[in-house]
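K.L.:
Here is a sequence with its predicted model. Questions after.
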Amino acid sequence: MTPSDYLALFAHFAVLSCLAIGGLTSVAPEIHRYVVDDRHLITSADFASAYTLGSIVPGPNMLFVTFVGWHVAGLTGALTVTLAVLLPSTVISIAAYRSAERWQTHPLVRALRAGLAPIAVALTLATGWLLARSTDTQWQPALLTLATIAVTLRTRINPLWLIAAGAGLGLAGWV
Amino acid sequence: MGLSGFGGVLPWMHRVLVDRKGWLTEHEYVGLLALSQVLPGPNVCNLALVYGERCFGWRGAAAAMAGLVGLPLFIALIVAAVYAQIATNPALERAMHGMAAVAAGLVISVALRMCGALPRSIRTAMILIATSVAIGVMRWPLVNVVAVLAPISVALAWPKRSDDAV
């Protein structure tokens, strides 16, 4: 990959990041289209494994782009893509928050906060629902999901235990 | 927090910021989350940035971001380097399946908790249901749904004169 290739990669991911309302997963289909179909940089299977790894590796799920970048061009690719995705949105977020602070009591800002809150909660709910739908194709994982909800809402157990239990049940072939 | 986030960090953000440390009330958390979700880029990073900024300005934002992303990024790079060896292990796939089911439950739980912090009004309920169905059930594109529902929700939420009266 030439330097201009890296620049193109950086630019495209930076732009995608600015469009990624609701998290990077909302532009995941577009990322797939760009690196797999359009530029033939990686295979579809590589993209799928990148996404899966991004979900299980500790840290934000957005890290799946790091794995995509790795498939494209090793370490430099991974770092290029990760930086491209974090930089612009970082600048925008800080600027937006500061102006929100200054205009706290303005009716528009109050309306924005109050109006966007139910949408934010709904997006989280929908994400959980979609995750459940793709994973819980049988009654066993569905039961595990329901049990997780019940336990999380009722107790203060550290979620890591629940995740470990999930891994154990999976390994045992029960799920 | 970055290290704990198997299957996504959002449930952790909620757990630490609201449940365990009590740095934010449920209401404040929902407010910050709402802001970070409509800002472009990774939600969870935006949330960390906004919270860090709120506490300590841009240095807080940088610190929060570095903590959230730094070590996980390092680990991700190592995993990427050795992935070829572990990829097709069926035991790993089974374990992942179990973890994914738990992760789904965790995210739903956080959403349900946040529902409790929303003002109890018809407006909130309607927008909540409409958005959830549009995204989760109908699978309409996120940008389109938000472009339609957000202005409606904001317009409905516009503070009336009576809200300012003390």
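P.N.:
Cool, got the structure.
K.L.:
Can you give me the buried ones in the longest helix along chain A?
P.N.:
Of all the segments assigned as helix in chain A under DSSP state H, the longest by residue count is helix A:64-102. When neighbours are counted by 16 or more other CB atoms under 10 Å in any protein chain shown, the buried residues of helix A:64-102 are found to be A:64-73, A:77-82, A:84-86, A:88-90, A:92-94, A:96-97, A:100. Bear in mind the C-beta positions are built from the backbone N, C-alpha and C, glycine included.
K.L.:
out of the residues you listed, which touch chain B?
P.N.:
Near chain B, judged by CB under 8 Å from any CB of the partner chain, the entries from the buried residues of helix A:64-102 are A:66-67, A:70, A:78, A:82, A:85-86, A:88-90, A:92-94, A:96-97, A:100.
K.L.:
Tell me where chain A has strands.
P.N.:
Counting by DSSP state E, chain A yields no residue ranges for strands.
K.L.:
pLDDT weak spots in it?
P.N.:
Chain A contains residues with pLDDT under 70 at A:21-22, A:55-56, A:101, A:104.
K.L.:
Okay, helices next: where are they in it?
P.N.:
With DSSP H, the ranges of helices along chain A come out as A:3-19, A:28-32, A:44-56, A:64-102, A:107-135, A:139-154, A:159-171.
K.L.:
on contacts alone, who are the packing partners of the first one?
P.N.:
Contact analysis of helix A:3-19 by 3 or more CB pairs under 8 Å, 6 or more residues apart in numbering or on different chains; DSSP states H and E lists helix A:28-32, helix A:64-102 as its packing neighbours.
K.L.:
and with 6 Å instead?
P.N.:
In terms of contacts (3 or more CB pairs under 6 Å, 6 or more residues apart in numbering or on different chains; DSSP states H and E), helix A:3-19 is packed against helix A:64-102.
K.L.:
Could you check the angle the helix it packs on makes with helix A:107-135?
P.N.:
Per axes from the mean of the first three to the mean of the last three CA atoms, to 10 degrees, the angle that helix A:64-102 makes with helix A:107-135 is 160 degrees.
K.L.:
chain center to helix A:64-102, what's the gap?
P.N.:
12 Å (CA atoms, centre = their mean, to the nearest Å).
K.L.:
just stretch A:120-136 next, same as before
P.N.:
Its chain's average C-alpha position is 12 Å from that of stretch A:120-136, according to CA atoms, centre = their mean.
K.L.:
Name the residues that touch stretch A:15-26?
P.N.:
Residues outside stretch A:15-26 that contact it (CB atoms under 6 Å, 6 or more residues apart in numbering or on different chains): A:27, A:62, A:85, A:88-89, A:123, B:37, B:40-43, B:142.
K.L.:
Quick check on those: which are buried?
P.N.:
Burial by neighbour count, judged by 16+ other CB under 10 Å, picks out A:27, A:62, A:85, A:88-89, A:123, B:37, B:40-43, B:142 from the contacts of stretch A:15-26.
K.L.:
what's the most distant pair in the residues you listed?
P.N.:
A:88 and A:123 (21.1 Å; CB to CB).
K.L.:
Give me the below-cutoff pLDDT ranges for chain B.
P.N.:
Where chain B drops into low confidence, which here means pLDDT under 70, it does so at B:1-8, B:84-88, B:161-166.
K.L.:
got a list of what residue B:13 touches?
P.N.:
If you count contacts by CB under 6 Å, 6+ apart, residue B:13 has them with residue B:47.
K.L.:
quick one: contacts for residue 145?
P.N.:
Here I'm looking at chain A. Contacts for residue A:145 (CB under 6 Å, 6+ apart) come out as A:132, A:136, B:101, B:104-105.
K.L.:
Oops, wrong one, chain B.
P.N.:
With contacts defined as CB under 6 Å, 6+ apart, the neighbours of residue B:145 are B:134-135.
K.L.:
Okay, buried residues for the one helix or strand it maps to please.
P.N.:
Mapping residue B:145 onto the secondary structure by DSSP states H and E places it in helix B:142-156. Buried residues in helix B:142-156, defined by neighbour count with 16+ other CB under 10 Å: B:142, B:145-146, B:149-150, B:153-154, B:156.
K.L.:
what comes up buried for the helix or strand hosting residue B:124?
P.N.:
Under the assignment given by DSSP H and E, the secondary-structure element containing residue B:124 is helix B:122-132. Residues of helix B:122-132 classed as buried: B:123-124, B:127-128, B:130-132 (neighbour count, 16+ other CB under 10 Å).
K.L.:
Let me have the helices of chain A in TSV, adding distance to residue B:114 as columns.
P.N.:
As requested, the helices of chain A are exported to TSV (distance: least, CB to CB, whole Å):
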stretch	distance to residue B:114
helix A:3-19	25
helix A:28-32	23
helix A:44-56	21
helix A:64-102	19
helix A:107-135	5
helix A:139-154	12
helix A:159-171	16
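K.L.:
which of the contacts of stretch A:15-26 lies closest to residue A:109?
P.N.:
Relative to residue A:109, the closest of those is residue B:37; by CB to CB it sits at 16.0 Å.
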